[in-house]
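A.B. asks: Provided below for reference: sequence and predicted model.
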Amino acid sequence: MEPREIRERGEELWERLESCDICPNECRVNRLKGEVGRCGVDAGLIVSSFHLHFGEEPPISGFSGSGTIFFSGCPSKCVYCQNYSISWLREGYEVSIPELARMMLLLEERGAHNINLVTPTHYLPHILLALAQAREKGLKIPLVYNTFGYEKVEIIKKLEGIVDIYMPDMRYASDEAGERYSGVKEYAKRNREAVYEMWRQTGPWREEAGIGKKGVLVRLLILPQGISGTEDTLEFIKDKLKGEVYVSLMSQYHPVFRARNFPELSRPITREEYERARKKFQELGLYGYVQPFIGRWI
C-alpha cells in the first residue's frame, strides 16, 4: 500500500482518539485531551524498548532476528502478565511519531526480518502515521501485528494491505475466562471474529527459506485447569481457518504478578495438560511449533 493511503488511515484513526473506540473496551475517553481509558495511555506514544529479538517463533526471529518494538500500556489486564511492568505500570519513555519511524528504519538496517509491533492496538494511529514516513524513506520488510487478540473487526479491516503477518493470541475459548483473568468482555467472541478477518485478509501461511512472509501465526498459551480451552481453539483453527495458519503451542506459563491470588492459576501446567494439547495439535494435522514441556517453576 502506498504511504499516502497508510497516512490517511492513520489520520482517520487519530480522530477516533477524541472518543476512543479503537479496541473493544470502547472507553470513549478523549485521549487527545489527556484522558485515559483501559489501556492507561492518552495520546502520547510510549515505547518500552526496541531491538532485534531472537526469542520469537522460528519463522519470525529467523537467523537475523525480529525487529521488535514493545509498546507500553495494554487494553487488557491479565492477572498473570509476564510483562506487567510494561502493560500495567506503563514502563517506558515517550517518543514522537518521527522517532518511531526512525526505529523501524534502524531495525531494518540492522538486518531484521520484519518489524514486530508488540501490543500495538491502542497506538494504531501513531503506528500508521510512523509507518507512512518509514515507507516513504524506503522501509521494505514485512510488518508483524503482535497482539493479545482482543480486537474489533472494523479496525482490523483498516489494516488490510498494510499488515503482512498477524500474530494474535487466542488466549481463551470462553468469554467467562477472558473476563475473570484478563478483565475484558466477550473475549472469545471478539477474538475469533478478529482472527477470522486476519486470515481472510492474508490467506494461507507463507514462508520463504523458513522466514514468514505473509499470513497468521496464532499463539496458544496452555493454562492450568483447562482455563484456556486450548483443544477447543485448535478445533476452531482446523474447522474455521482450514488449518491454514501457523500455530504456536506454548507451554511456558508460570504464575507471576497476581496469579497467586487465583488458586487455579497458582502453578505451571502439568505434563498431562501439556500432552492433551499436543496430542490434539497432532491429531488435527496442524502446522507450526510446539514448545517443549518445561514443567518447573521459573
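C.D. replies: Received it, and whenever you're ready, just let me know what you need.

A.B. asks: what are the ranges of the helices in the stretch 151-298 of the chain?
C.D. replies: 153-157, 175-182, 187-202, 230-240, 271-283 (DSSP state H, counting those that start in this stretch).

A.B. asks: Contacts only, for the closest residue to residue 288 other than its chain neighbours.
C.D. replies: The shortest distance from residue 288 to any non-neighbouring residue, by CB to CB, 6 or more residues apart in numbering, is to residue 247 (3.6 Å). Placement of C-beta: from N, CA and C, glycine included. In this structure, residue 247 makes contact with 217, 218, 220, 234, 237, 281, 286, 287, 288, 289, judged by CB atoms under 8 Å, 6 or more residues apart in numbering.

A.B. asks: For burial, what's the neighbour tally of the fourth one?
C.D. replies: For residue 234, the tally of surrounding residues (other CB atoms under 10 Å) stands at 23.

A.B. asks: how far away is residue 179 from residue 237?
C.D. replies: Here the criterion is CB to CB, to the nearest Å. By it, residue 179 lies 23 Å from residue 237.

A.B. asks: which of the two has more neighbours?
C.D. replies: Neighbour comparison, residue 179 and residue 237: the larger count goes to residue 237, with 24 against 14 (by other CB under 10 Å).

A.B. asks: Have a look at this structure and report the helix or strand with the lowest mean pLDDT.
C.D. replies: For the chain, the helix or strand with the lowest mean confidence is helix 84-87, at a mean of 94 (criterion: mean pLDDT, DSSP states H and E).

A.B. asks: Residues contacting that helix, please?
C.D. replies: Contacts to helix 84-87, defined as CB under 8 Å, 6+ apart, come from residues 48, 70, 72-74, 76-78, 81, 91-92, 119, 256-257.

A.B. asks: and with 10 Å instead?
C.D. replies: Helix 84-87 is touched from outside by 39-40, 46-49, 70-78, 81, 91-92, 118-119, 148, 256-258, with contacts defined as CB atoms under 10 Å, 6 or more residues apart in numbering.

A.B. asks: Quick check: chain neighbours aside, which residue is closest to residue 13?
C.D. replies: Nearest-residue entry for residue 13: residue 125, 4.0 Å, with adjacent residues in sequence omitted and distances by CB to CB, 6+ apart.

A.B. asks: Neighbours of that neighbour, how many?
C.D. replies: With neighbours defined by other CB under 10 Å, the count for residue 125 comes to 23.

A.B. asks: got it, and the one 4 residues further on?
C.D. replies: When counting by other CB under 10 Å, one arrives at 21 neighbours for residue 129.

A.B. asks: picking up where we left off before, quick one, which of the helices of the stretch 151-298 of the chain is packed in tightest?
C.D. replies: Among the helices of the stretch 151-298 of the chain, the stretch with the highest mean neighbour count (mean count of other CB atoms under 10 Å) is helix 187-202, at a mean of 21.

A.B. asks: Spit out the contact partners of the residue lying closest to residue 17 once chain neighbours are set aside.
C.D. replies: Spatially, and ignoring its direct neighbours in sequence, residue 17 is nearest to residue 31 (4.3 Å; CB to CB, 6+ apart). Taking CB under 10 Å, 6+ apart as the contact definition, residue 31 lies against 14, 16-20, 22, 37, 39, 41-44, 122, 125.

A.B. asks: again, but for residue 120
C.D. replies: If a contact means CB under 10 Å, 6+ apart, then residue 120 has 69-71, 126-128, 143-147, 159, 163 as its contacts.

A.B. asks: May I see those residues arranged in a markdown table, with secondary structure and neighbour count as well?
C.D. replies: Written out in a markdown table, the entries for the contacts of residue 120 read as follows (DSSP: H, G, I helix; E, B strand; the rest coil; neighbours: other CB atoms under 10 Å):
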| residue | secondary structure | neighbour count |
| --- | --- | --- |
| 69 | strand | 27 |
| 70 | strand | 22 |
| 71 | strand | 28 |
| 126 | helix | 24 |
| 127 | helix | 28 |
| 128 | helix | 24 |
| 143 | strand | 22 |
| 144 | strand | 26 |
| 145 | strand | 24 |
| 146 | strand | 24 |
| 147 | strand | 26 |
| 159 | coil | 23 |
| 163 | coil | 23 |
